[in-house]
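Enquirer: I would like the atomic coordinates for the input below:
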Amino acid sequence: QVVLVESGGGLVQAGDSLRLSCATSGQILSTNAVGWFRQAPGREREFVAAITWNSGNLYYADSVKGRFIISRDNPRNMVYLQMNSLKSEDTAVYYCAAAVGIYYWGSEGYDYWGQGTQVTVSS
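Expert: Numbering: from 1, shown residues only. Next comes the predicted model:
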């Protein structure tokens, strides 16, 4: 079993930065990667970014490329999402998830999910 807990969400203004944290525990080393997803009201959950545990390969959605940075701290089993130049359209509940397989771009590739943290960006 793998447990993921997000933190760091909040209310910020457009242009601000925010860092989300994902604390993992359990059999996390049995997974290949951790990803971040987000879901805005009335919209489907969408991929934001992912990072693999071993090689540190990075994957980003086009909408956040150049503004968001995903990173990991392997000894602490932590994954972070640094969000810069935030826009109102970044407002959503952000989830971290762990993938056992090697498909990282869609929610169907992930096996374990956190409860989410709200990010609200006011314009």
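
Enquirer: excluding its backbone neighbours, what's nearest I69?
Expert: Computed as C-beta to C-beta, 6 or more residues apart in numbering, the closest residue to I69 that is not its neighbour in sequence is Q82, at 4.3 Å. Using the backbone N, CA and C atoms, a C-beta is placed for each residue, glycine as well.

Enquirer: Send me the helix or strand that contains that neighbour as PDB with only the CA atoms.
Expert: For Q82, the host element (DSSP states H and E) is strand 78-83. In PDB, the C-alpha atoms belonging to strand 78-83 read as follows (Å, rounded to 0.1, in the frame of the first residue of the first chain):
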ATOM      1  CA  MET A  78       9.000  13.700  -0.900                       C
ATOM      2  CA  VAL A  79       7.900  15.200  -4.200                       C
ATOM      3  CA  TYR A  80       7.400  18.900  -4.800                       C
ATOM      4  CA  LEU A  81       5.700  21.100  -7.300                       C
ATOM      5  CA  GLN A  82       7.100  24.600  -7.500                       C
ATOM      6  CA  MET A  83       4.500  26.800  -9.200                       C
END
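
Enquirer: Give me the sheet partners of the next helix or strand after that strand and which way each runs.
Expert: Heading C-terminal from strand 78-83, the first helix or strand you meet, by DSSP H and E, is strand 92-99. With DSSP bridges as the test, strand 92-99 is paired with strand 33-39 (antiparallel), strand 112-113 (antiparallel), strand 117-122 (antiparallel).

Enquirer: Tell me how confident the model is about strand 92-99, as a mean pLDDT.
Expert: Looking at strand 92-99 alone, the average pLDDT works out to 98.

Enquirer: let's number from 54 now, not from 1
Expert: With the count now opening at 54, the last piece we talked about shows up as strand 145-152.

Enquirer: beta partners for the residue nearest in space to the middle of the chain?
Expert: Within the chain, one residue has its C-alpha closest to the average C-alpha position: by C-alpha atoms, centre = their mean, that is W89, at 2.1 Å. Beta-bridge partners for W89, by DSSP bridges, are A102, C149.
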